[in-house]
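**Q** After the sequence you'll find the predicted model.
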Amino acid sequence: MGRLSDYATLLVEWQARMNLVGPATLPHLWARHFLDSAQLLDHAPGRPLDWLDLGSGAGFPGLVIAIMRPHVTMTLVESRAKKCAFLKEVAKHCGVADRVTVLAERAEALPSARFDVISARALASLSQLFDWGLRFAESDTLWLLPKGASVESELADARKTFGFSAQLRPSITDPAARIVLAHGVQRRSRK
């Protein structure tokens, strides 16, 4: 909790200089960002993991997960350099810099690699996330993707282009939201 408190303090300090999170969410920082991120751990395997977080922004969910789980090696992908500077500062200050890599790139510009878990929060539709992330996944890669009320239509749209199995789990922070747990993501062959 001490490391997360330090993270929250840094976020508030940096928020005064740059837009890291929606200003209206600051009074609800713990539930809206920290708890919302931490709930993904309830669905992740408890073994050592190589985890990719796309569009990390202010570090949600990736940096929270890296702080809470010492057996996770986290790669944070964020295209905005200022946010990357923030992510690196928090990782260093919270003592997880040795397990956190911050890449100042767009996901589509990165070389292919393989990860056990892929996450993204408030970044893009499921179809777009699968398109960007597919070259980082194997058949057993777990995709943990928090989604809002439009999750059913996003699933239907994604199934037009991708084959995958998915389960929906309720969010503990928003009754209208769901967490998509997807496996076996692959592009459908075009006929």
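**A** In hand now; what should we look at? Residues are numbered from 1 along each chain as shown.

**Q** If you drop the residues flanking it in sequence, what lies closest to A113?
**A** Leaving aside its chain neighbours, A113 sits nearest to F136 (5.7 Å; criterion: CB to CB, 6 or more residues apart in numbering). (C-beta placed from N, C-alpha, C; glycine too.)

**Q** If I look at that neighbour, what pLDDT would I see?
**A** At F136 the predicted local confidence, pLDDT, stands at 97.

**Q** which secondary structure elements does the lowest-mean-pLDDT helix or strand in the chain contact?
**A** None of the helices or strands of the chain scores lower by mean pLDDT, DSSP states H and E than helix 29, at a mean of 88. Under the contact criterion of 3 or more CB pairs under 8 Å, 6 or more residues apart in numbering; DSSP states H and E, the helices and strands touching helix 29 comprise helix 2-15.

**Q** what does the helix it packs on rub up against?
**A** Outside of helix 2-15, the residues that reach it under the criterion CB atoms under 8 Å, 6 or more residues apart in numbering are 20-21, 23, 26, 29-30, 34, 58-59, 63-64, 67-68, 86, 89-90, 93-96.

**Q** Going toward the C-terminus from it, what's the next helix or strand?
**A** In the C-terminal direction, the helix or strand that comes right after helix 2-15 (DSSP states H and E) is helix 29.

**Q** all strands in this structure, in order from the N-terminus.
**A** For the chain, the strands identified by DSSP state E occupy 49-54, 72-77, 100-103, 117-120, 142-147, 162-170, 178-187, in order along the chain.

**Q** Stretch 158-167: end-to-end distance?
**A** End-to-end distance for stretch 158-167, by CA to CA, to the nearest Å: 14 Å.

**Q** re the thing from before, got a PyMOL select line for the buried ones in the contacts of helix 2-15?
**A** In PyMOL, a selection of the buried entries from those looks like this (16 or more other CB atoms under 10 Å):
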select buried, resi 20+21+29+34+58+59+63+64+67+68+86+90+94+96
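
**Q** low-scoring stretches of the chain, by residue?
**A** Across the chain, residues meeting the criterion (pLDDT under 70) sit at 191.

**Q** contacting residues for the closest residue in space to G133 that isn't next to it in sequence?
**A** With CB to CB, 6+ apart as the criterion, G133 has its nearest non-adjacent residue at 4.9 Å, and that residue is I118. By CB under 8 Å, 6+ apart, the contact set of I118 is W51, L52, D53, L54, L129, G133, F136, A137, T141, L142, W143, L144.

**Q** Great, nothing more from me.
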